[in-house]
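Chemist: Return atomic coordinates for the entry below.
(one chain, ligands or ions: 2)
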Amino acid sequence: MASSDAEASVVRPDASDLERAAEAALRPRRLDEFVGQHVVRDQLSLILDAAAGRGKAPDHVLLSGPPGLGKTTLAMIIAAELGTSLRVTSGPAIQHAGDLAAVLSSLEENEVLFLDEIHRLARPAEELLYVAMEDFRVDVVVGKGAGASAIPLSLPPFTVVGATTRAGLLPAPLRDRFGFTAHLDFYSAEELERVLSRSAGLLGVPLDAEAAGEIASRSRGTPRIANRLLRRVRDWAQVRGDGRLSLEAARAALEVYEVDPLGLDRLDRAVLTALCMRFGGGPVGLTTLAVAVGEEPETVETVAEPFLVREGLVGRTPRGRIAMPAAWEHLGLTAPAASGTLFT
Ligand SMILES: Nc1ncnc2c1ncn2[C@@H]1O[C@H](COP(=O)(O)OP(=O)(O)OP(=O)(O)O)[C@@H](O)[C@H]1O
Ligand SMILES: [Mg+2]
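Modeler: Residues are numbered from 1 along each chain as shown. Ligands and ions are numbered 1, 2, ... in the order given. Now for the predicted structure:
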């Protein structure tokens, strides 16, 4: 079934709970082990060192960026660098403002509160958070109805580290409460190679340099995907190879998992093939394209398209989706002469 392809794919950036548990072992613990993101790392290290020098909690930090780029990892690193503990919760886990008040009022001095998926926080909790972040205070409501009153409870200084894949969804007043916002970007192939050799070391598997290069170039700029592909190549090497993660092992394993040299999976290629072969390179409407590949329009739009567009393979126009020159090239096809007119 086509729809299960999307879920089974090894190149999607999201992770199951099970995978998140496996990831814990590969997380860098300190800032200097964290690969890439030089600008963010540099800025963060200044903030953390300055706070440590003053013996105070640093500004609140907002981490934004696509899944699998290291937001949770950085939140843990921030607490480790500050030598303090990390309290973890998330937007969806907080149902009522009272839940957040309970967490806040149990914080200890200089602790780091990690609020994952902060864009999914309910509105009343959000308002409580503004006050807590700015004035280190929560108003505890006692009683109900007309007789209810708010008792201000002051909190020790602490640092909120918020993470979001959708910074645009955060209301401005909340965004403004963060003294520092770090946006994480996709990693270069060279950076991913470093992530991979570090991970291979931790897993105790011998990884050849060419294999690291091959895996890195198919990992869509995402450390989570790189680590996942590494585990799949390790399996292949163990079961069908000699245990060594060679270039041949990497290529053979990634073929089994249908990840092509650009990091496209079966659905991605089906979309490209339909666009080029059935619709002459477009423009074609999303719904039509989705029917052609046997998927829901939403799946094509949210699962396959973002990477295809990012890679310059597919274009979105007011009249529909079009195949860009790189798409024809990637499929080993020649673009029809007329397709050039689509770009004018
Ligand atoms: N800069 C990095 N150096 C080394 N490993 C990294 C780096 N960034 C991420 N990783 C690894 O990638 C995996 C995913 O990272 P992490 O969980 O921090 O992503 P995330 O941004 O929180 O994703 P999500 O939005 O899905 O929660 C982890 O196993 C982590 O070890
Ligand atoms: Mg995370």
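Chemist: Quick one: name the residues of the stretch 101-250 of the chain near ligand 1.
Modeler: Applying CB under 6 Å from any ligand atom, we find that the stretch 101-250 of the chain lies next to ligand 1 at Thr165, Val195, Pro223, Arg224, Asn227. (Glycine included, C-beta is placed from N, CA and C.)
Chemist: Without its sequence neighbours, what residue ends up closest to the third one?
Modeler: Nearest in space to Pro223, with sequence neighbours left out and distances taken as CB to CB, 6 or more residues apart in numbering, is Val195 at 4.7 Å.
Chemist: Assess the claim that that neighbour and Arg224 are in contact.
Modeler: No - look at Val195 against Arg224 with CB atoms under 8 Å: they stay out of range, at 9.6 Å.
Chemist: Now do the contacts for whichever residue of the stretch 51-200 of the chain sits closest to ligand 1.
Modeler: Per CB to the nearest ligand atom, Gly70 is where the stretch 51-200 of the chain lies closest to ligand 1, at 2.7 Å. Listed by CB atoms under 8 Å, 6 or more residues apart in numbering, the contact partners of Gly70 are Phe34, Gln37, Leu184, Pro223.
Chemist: sorry, back to before: point me to the helix or strand that includes the residue nearest to Pro223.
Modeler: helix 189-203 (DSSP states H and E).
Chemist: Tell me the buried residues in that helix?
Modeler: Ala189, Glu191, Leu192, Glu193, Arg194, Val195, Leu196, Ser197, Arg198, Ser199, Ala200 (16 or more other CB atoms under 10 Å).
Chemist: confidence score at the residue nearest to Pro223?
Modeler: Here the pLDDT value assigned to Val195 is 98.
Chemist: same deal with Val239?
Modeler: As predicted, Val239 sits at a pLDDT of 96.
Chemist: separation between it and Leu192?
Modeler: Distance check for Val239 against Leu192: by CB to CB, to the nearest Å, it reads 24 Å.
Chemist: In this protein, mark out all the strands, start to finish.
Modeler: 61-64, 86-90, 112-116, 137-142, 149-154, 159-164, 180-183, 314-317, 320-323 (DSSP state E).
Chemist: What helices and strands are in contact with the last one?
Modeler: So the one you mean is strand 320-323. Judged by 3 or more CB pairs under 8 Å, 6 or more residues apart in numbering; DSSP states H and E, the packing partners of strand 320-323 are helix 286-293, strand 314-317.
Chemist: which outside residues touch the longest one?
Modeler: Under the contact criterion CB under 8 Å, 6+ apart, helix 286-293 has outside partners 2, 267, 270-271, 274-275, 278-279, 296-297, 299-301, 320-321.
Chemist: low-confidence ranges in the stretch 1-150 of the chain?
Modeler: The stretch 1-150 of the chain contains residues with pLDDT under 70 at 1-7.
Chemist: Tell me the residues of it that contact ligand 2?
Modeler: Residues of the stretch 1-150 of the chain that fall close to ligand 2, judged by CB under 5 Å from the ion: Lys71, Thr72.
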